[in-house]
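Engineer: Could you look at this predicted model? Sequence included:
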Amino acid sequence: MSDHNENPPLGTMTPRRRPKPDVKEIDGRRLKPSTLMMGHGFDPKLSEGSLKAPIFLTSTFAFESAAAGKRHFEGITGKRPGGAEGLVYSRFNNPNQEIVEDRLSVWEEAEDALVFSSGMSAIATTMMALVSQNDVIVHSGPLYAATETMIAKIMSKFGITFLDFPAGAKPEDIQEMLQKAKDIADDRGSKVALVYLESPANPTNALVDIEGVSAARDAVFGTGDDMPPVAIDNTFLGPLWQRPLDHGADIVLYSLTKYVGGHSDLVAGAALGEKRWLDPIRAMRNTIGTITDPNTAWMLLRSLETVELRMSRAGENAAKVCAFLKTHPKVEGLGYLGMIEDARQQDIYERHCLGAGSTFSVFIKGGEEESFRFLDNLKIAKLAVSLGGTETLASHPAAMTHISVSDDRKAALGITDNLVRISIGVEDADDLIADFAQALDAV
């Protein structure tokens, strides 16, 4: 064991979570995210030579002095700008969470990142931080069912109303909807607080024109400090296949449970963007305690090392599986981004997306009975909700994840009884095709 006098006190934060210098380029060459995932934000020399970051299982941290404790709390509470300069309490900050946040920021080239106890806690905390009583939210549709519930049933308790537009709407239609929302807000003396997107949409894979939404927002509200931010759930394609901040989004949200975690063994979420948008979200997170725990953060560090490998393999598998499903006589259609038939959707895909992903919807000929028979006969693919794991998963959104959505709303959003959502894993593609073939034979 090395001499502790050579290292900073355990109560300090900056050297341990953001060592300086932290190598991000060599001879002028910027290192790729897949390389930075192996060590960015952590220096083994500052943790007794440990190659991997230890798990800091502590609720609180010792201050080096009373003055330092005061300074840290001034940052945490917002009395002094810039946030805490040291570790305080694991509801606010912890080395494991902060290393994860540093590495997540690399993928999006985001100024700041926050991690949460789940994707929904990231979404809920963001909404609670940015939206006030009687404000208006404008969102795309469909959304993940819990997000729809959050907006329509929980935020509405506080006088908050919402307007929505279909995922594939044209910029002029989106601008018209935003203007309508502004008129409603002006009449009640409130504001349009948030433009919320989900792209691709769950479970239809419909794409939203992020650039079009951003341009429409600017046209209606201008670009001043009082404009509503554009937030987007990028879970289905991020961080490898879509970078919304490059196309006009202000806040990117994730269920890290999915592709980033990638092993179906943790639950976590994230928000990324400029500090001016994330600072109020951080303050809300500090208050209500929706930060992820140190052990989960440590597991995310493990997962980030292989996220590019896993997502690439799953994407290749999905392309092969969908090529088989497309021509199968018992398949009525596919909601797969690698086989878009709508010109408007294809245009959005070409401008926004870097890959087709590995989660898609397949429409079985028939209805619920035929879809259930297909699902019940799968042998390799697991019948389970969630997505983005190493294993292939299949589920029935209308009867499972979106069962709380009204029948009329499901019909309007295209969430039909014959829609099965599939998330392809990293198994052998030919084995997966054989599994789907025999399950379809049973229909």
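Structural biologist: Looks like it arrived, so ask away.
Engineer: SS state for the residue most central in space within the chain?
Structural biologist: For the chain, Y254 is the residue whose C-alpha lies nearest the centre (CA atoms, centre = their mean; 1.3 Å). With DSSP: H, G, I helix; E, B strand; the rest coil as the basis, Y254 sits in strand.
Engineer: Could you do F360 as well?
Structural biologist: Following three-state DSSP, the label given to F360 is strand.
Engineer: Then L378?
Structural biologist: Following three-state DSSP, the label given to L378 is coil.
Engineer: hmm, back to that, quick check: the residue nearest to the centre of the chain touching T235?
Structural biologist: Yes - at 5.5 Å, Y254 counts as touching T235 under the criterion of CB atoms under 8 Å. The way it works is simple: take the backbone N, C-alpha and C, and place the C-beta from them, glycine included.
Engineer: what sits in contact with each of those two?
Structural biologist: Taking CB atoms under 8 Å, 6 or more residues apart in numbering as the criterion, Y254 and T235 both touch G119.
Engineer: L325: what's it in contact with?
Structural biologist: 331, 334, 362, 436.
Engineer: 10 Å - rerun?
Structural biologist: Residues in contact with L325 (CB atoms under 10 Å, 6 or more residues apart in numbering) are 331, 333-334, 336, 339, 360, 362-363, 422, 433, 436-437, 440.
Engineer: State the number of residues packed around the residue nearest to the residue nearest to the centre of the chain when sequence neighbours are not counted.
Structural biologist: In space, and not counting its chain neighbours, Y254 is closest to A270: 4.4 Å by CB to CB, 6 or more residues apart in numbering. A270 has 28 neighbouring residues, counting by other CB atoms under 10 Å.
Engineer: Number the chain from 30, please
Structural biologist: Yes, from this point I'll number from 30; that puts the last item at A299.
Engineer: who does A299 bridge with?
Structural biologist: Beta bridges link A299 to V144, Y283 when assigned by DSSP bridges.
Engineer: so where does L226 fall, helix or strand?
Structural biologist: strand 221-227 (DSSP states H and E).
Engineer: and the gap between L442 and E103?
Structural biologist: 47 Å (CB to CB, to the nearest Å).
Engineer: Next: D254.
Structural biologist: For D254, the distance to E103 equals 24 Å [CB to CB].
Engineer: Between the two, tell me which one has more neighbours.
Structural biologist: Ranked by neighbour count (other CB under 10 Å), D254 and E103 place E103 first, with 16 against 6.
Engineer: can you give me the strands in the stretch 280-429 of the chain?
Structural biologist: For the stretch 280-429 of the chain, strands defined by DSSP state E, counting those that start in this stretch occupy the ranges 280-284, 298-302, 360-364, 388-393, 411-412, 422-424.
Engineer: would JSON lines of those strands with distance to T155 be doable?
Structural biologist: Converted to JSON lines, the strands of the stretch 280-429 of the chain look like this (distance: least, CB to CB, whole Å):
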{"stretch": "strand 280-284", "distance to T155": "7"}
{"stretch": "strand 298-302", "distance to T155": "6"}
{"stretch": "strand 360-364", "distance to T155": "27"}
{"stretch": "strand 388-393", "distance to T155": "23"}
{"stretch": "strand 411-412", "distance to T155": "31"}
{"stretch": "strand 422-424", "distance to T155": "26"}
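Engineer: Any idea which of those strands gets closest to A244?
Structural biologist: strand 280-284 (17.3 Å; CB to CB).
Engineer: How about the secondary structure of F191?
Structural biologist: Three-state assignment for F191 (three-state DSSP): strand.
Engineer: Could you check the pLDDT of the closest residue to it other than its chain neighbours?
Structural biologist: In space, and not counting its chain neighbours, F191 is closest to I166: 4.4 Å by CB to CB, 6+ apart. Reported pLDDT at I166 in the predicted model: 98.
Engineer: again, but for P73
Structural biologist: For P73, pLDDT reads 88.
Engineer: One more: V52?
Structural biologist: With respect to pLDDT, V52 has a value of 76.
Engineer: I'd like to know which elements the helix or strand containing K211 is packed against.
Structural biologist: Using DSSP H and E, K211 falls within helix 200-217. Judged by 3 or more CB pairs under 10 Å, 6 or more residues apart in numbering; DSSP states H and E, helix 200-217 is in contact with strand 165-170, strand 190-195, strand 221-227, helix 239-250.
Engineer: The first one: what's the following helix or strand?
Structural biologist: For strand 165-170, the succeeding helix or strand toward the C-terminus, using DSSP H and E, is helix 174-178.
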